[in-house]
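> could you work out the structure for the sequence below:
(one chain, ligands or ions: 1)
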Amino acid sequence: MQAFLIEFGNMLLRWLHVIAAIAWIGESFYFVMLDNGLKKPASAEDARNGVAGEMWAVHGGGFYHNQKYASAPAKLPDDLHWSYLKAYTTWLSGFALFALLYLTRPEIYLVDPQSDWAWAAAMTGWQANIAALVFLALGWLIYNELCKRISPTMQRDGVLGVAVALMMVAVAYLATHIFAGRAAFVLVGAVMATAMTANVYFWIIPGQRRMVAAMMHGQTPDPLDGKRGKQRSVHNTYFTLPVVLLMLSNHYAFLYTDPYAWVVIVLFIVAGALIRQFFVSMHAGHIRPMFAIAGGLFIIAAFVLTAPLASLSSTPPGTDPATRTDTADATPFARVHDIIAQRCSECHAENPSSESFSAAPAGIMLDSDARIRAHRAQIKQAVASGYMPLGNITGITDEERQAIANWRADGS
Ligand code: HEC
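Numbers count the residues shown, from 1 in each chain. The predicted model follows:
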């Protein structure tokens, strides 16, 4: 029952998280589009009153007329619309989901017993939990320091962009070496998403509050507040697409079980940022296909890297992927059956005996000969990549992995 309650809570939180994220990102996309698509005001009177740009739009059967002021309107209305609750809801629900799924079962989900770094492979569950939380916190602190030191008055935002990109390469490298692949991808996404939310919480919204307060008192707002808000918003814009992919990555084991998983992450971060740039330029009226093409090239690079062909040459013998046809002796099915009964069935059964699961994970049941045979390709892939058994909680041996690798389709 406890496993089911966790599962149900997980479902509700994920639902909330996705809805909040859609609302936040949707609004953010809308305002970036609006800002880039503004035209000079048509009426001379509007221009005299401080309107710098405007956009006409039709949506849902109505016509809309947006106007942006160069600095601030002469008088602010009391019912100003603010955007921040969606951002906070997204982060809070995402963090709760992470806690419920990963922090409650760190030895399964966070620890990578096959990590190249022995100390990481040897972490206990508690150590892994603390490592994950420290990782998230440090991600924000270092990113924030980079922004403050490199471009405090927004004068060197280009250099800052390069520094943030290099930081993300380091984050990807560290995450995939310290944590299990699936958690590593989510954590890299979470570092970016935490920076996005903290940008809103610590800089963008307080800056806007200061600007509004200054105007209420008839003073001129500090232009740095506006510029800094813009700087952080721009970062958020380029983070968006990579974060969405990293959060979805846990559906695609081929991404995070790749031997060069950190490179996969970097390729998709660059691809996402470039594709976003294509749309940002387009809203400003410039179609620049080279951004979309460059983004596409990075996706092709990720394809080449993760395709079974690439991993064939980069994995050591004995951990060969499912696609390899080798000359080693075929493993009899009875042996395959025994290994799976011993190492997999406690989770992958109609009624798992493992306390952590109330239903077969990923819907995969390996509790009968027919079911085991039906999942042959997936089993070989999951075992060869080291992804299964999760956290090697059931202690599969290298020799057993090799036996699964040598299991042929016709082996009876
Ligand atoms: C501790 C419980 C546990 C054990 C033991 C375990 N698995 Fe899994 N398995 C899971 C979970 C949880 C998932 C879903 C993970 C996900 O969503 O990425 C999964 C997913 C899978 C998948 C689908 C992977 C994909 O591509 O999405 C395969 C195949 C699989 N397991 C095979 C095995 C095999 C073979 C073994 C034994 C060698 C095994 N598992 C042992 C928990 C377990």
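> count of residues packed around Gly62?
By other Cβ atoms under 10 Å, the residues close to Gly62 number 7. Quick note: C-beta positions are derived from backbone N, CA and C, even for glycine.
> got the contact list for it?
Gly62 sits next to no residue when contact means Cβ atoms under 8 Å, 6 or more residues apart in numbering.
> show me the beta-bridge partners of it.
His59 (DSSP bridges).
> for the one 5 residues further on, same thing?
Partner residues in beta bridges with Gln67, using DSSP bridges, are Glu54.
> now do it, the pLDDT please.
Looking at Gln67, its pLDDT reads 94.
> and this protein, what are its domains?
87-306, 333-405 (automatic domain parsing).
> of those, which approaches Met11 most closely?
Among the domains of the chain, domain 87-306 comes nearest to Met11, with 10.0 Å by Cβ to Cβ.
> how about the closest one and the ligand, touching?
Yes. Contact between domain 87-306 and the ligand, assessed by Cβ under 6 Å from any ligand atom, occurs at 108, 182, 250, 253.
> end to end, how far does stretch 349-365 reach?
5 Å (Cα to Cα, to the nearest Å).
> how about that stretch and the ligand, touching?
Yes. Against the ligand, stretch 349-365 shows contacts by Cβ under 6 Å from any ligand atom at 354, 361-362, 364.
> quick one: buried ones out of these?
Taking 16 or more other Cβ atoms under 10 Å as the criterion, what is buried in these is 354, 364.
> between the residues of stretch 349-365 next to the ligand, which sits nearest Leu166?
Closest to Leu166, out of all of the residues of stretch 349-365 next to the ligand and judged by Cβ to Cβ, is Ala362, at 35.5 Å.
> you'd agree that closest one is in a strand?
No. Residue state for Ala362 (DSSP: H, G, I helix; E, B strand; the rest coil) corresponds to helix; a strand is not indicated.
> quick one: which of the domains of the chain has the weakest pLDDT on average?
domain 333-405 (a mean of 90).
> could you tell me the end-to-end distance of it?
Where domain 333-405 begins and where it ends lie 12 Å apart, using Cα to Cα.
> now Ala52: which helix or strand?
Using DSSP states H and E, Ala52 sits in strand 51-59.
> correction: Met365
Applying DSSP H and E, one finds Met365 in no helix or strand.
> run a quick neighbour tally on it.
Neighbours around Met365, by other Cβ under 10 Å: 21.
> next: the one 5 residues further on.
With neighbours defined by other Cβ under 10 Å, the count for Ala370 comes to 7.
> swap in Leu274?
Neighbour tally, Leu274, other Cβ under 10 Å: 21.
> now Ile142
With other Cβ under 10 Å as criterion, Ile142 counts 16.
> ok, it - contacts?
With Cβ under 8 Å, 6+ apart, Ile142 has these contacts: Met167.
> adjust the sequence numbering to begin at 55 for everything that follows.
That works, and once the first residue is 55, the last one we named lands at Ile196.
> okay, buried residues for whatever helix or strand it lives in please.
Element membership for Ile196 (DSSP H and E) is helix 179-204. Using 16+ other Cβ under 10 Å as the test for burial, helix 179-204 gives 179, 182-183, 185-186, 189-190, 193-194, 196-198, 200-201, 204.
> then stretch 202-221?
Those would be 204-205, 208, 214-215, 217-218, 221, for stretch 202-221 by 16+ other Cβ under 10 Å.
> just to revisit the earlier point, can you list the residues of stretch 403-419 next to the ligand in JSON lines and add distance to Ala361?
Below are these laid out as JSON lines (distance: Cβ to Cβ, whole Å):
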{"residue": "Ser408", "distance to Ala361": "33"}
{"residue": "Pro415", "distance to Ala361": "26"}
{"residue": "Ala416", "distance to Ala361": "22"}
{"residue": "Ile418", "distance to Ala361": "23"}
